[in-house]
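Peer 1: Coordinates for the following, if possible.
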Amino acid sequence: YLPTYIGRSDHAWRVRPDARGCAEPPSSYLRRMWFDALVYTPRALRHLVEEVGADRVVLGTDHPFDMGVADPVARLDAAGLDPAARDAIAGGNALDLLLKGHTR
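Peer 2: Numbers count the residues shown, from 1 in each chain. This is a model prediction of the structure:
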């Protein structure tokens, strides 16, 4: 939800004093978060990548829950992202996240 409505959140932060519970506009915090690529449509995944950057998205499956998908890589491929973004989301970002603070 947050990346989809970040424009509204930033607007509220600018025009409503009661919406300034954080020091910076809400969009400035997106780069500090990680996001699950399993957003169920290719369009939604492309939008997520546009808003937060491919380097903040990791492949998700929702396994073993009933909302899981059989082939999350096929869902990723359906988004038609550039190869570097696709590869980062498919595994590179998760590896970087897990190794943060360690050398490879």
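Peer 1: per-residue pLDDT, the most far-flung residue of the chain relative to its centre?
Peer 2: When distances are taken from the C-alpha mean of the chain, residue 17 lies farthest, 27.9 Å away, according to CA atoms, centre = their mean. With respect to pLDDT, residue 17 has a value of 94.
Peer 1: Return the residues in contact with it.
Peer 2: Residues counted as contacts of residue 17 (CB atoms under 8 Å, 6 or more residues apart in numbering): none. Bear in mind the C-beta positions are built from the backbone N, C-alpha and C, glycine included.
Peer 1: What of residue 49?
Peer 2: Counting by CB under 8 Å, 6+ apart, residue 49 has contacts 57, 79, 81, 85, 89.
Peer 1: and those residues, which are buried?
Peer 2: Listed as buried from these are 57, 79, 81, 85, 89; burial here means 16 or more other CB atoms under 10 Å.
Peer 1: Could you measure from the second one over to residue 72?
Peer 2: According to CB to CB, to the nearest Å, residue 79 and residue 72 sit 11 Å apart.
Peer 1: What of the last one?
Peer 2: To residue 72, residue 89 is 10 Å away according to CB to CB.
Peer 1: Can you list the low-confidence ranges for the protein?
Peer 2: 101, 103-104 (pLDDT under 70).
Peer 1: Leaving out sequence neighbours, find the closest residue to the residue minimising distance to the centre of it.
Peer 2: With distances taken as CA atoms, centre = their mean, the residue of the chain nearest its centroid is residue 35 (3.2 Å). Among residues not flanking residue 35 along the chain, residue 57 sits closest, at 5.0 Å (CB to CB, 6 or more residues apart in numbering).
Peer 1: rewinding a little: got the contacts of residue 49 as JSON lines, with secondary structure columns?
Peer 2: Shown next, in JSON lines, are the contacts of residue 49 (DSSP: H, G, I helix; E, B strand; the rest coil):
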{"residue": "57", "secondary structure": "strand"}
{"residue": "79", "secondary structure": "coil"}
{"residue": "81", "secondary structure": "coil"}
{"residue": "85", "secondary structure": "helix"}
{"residue": "89", "secondary structure": "helix"}
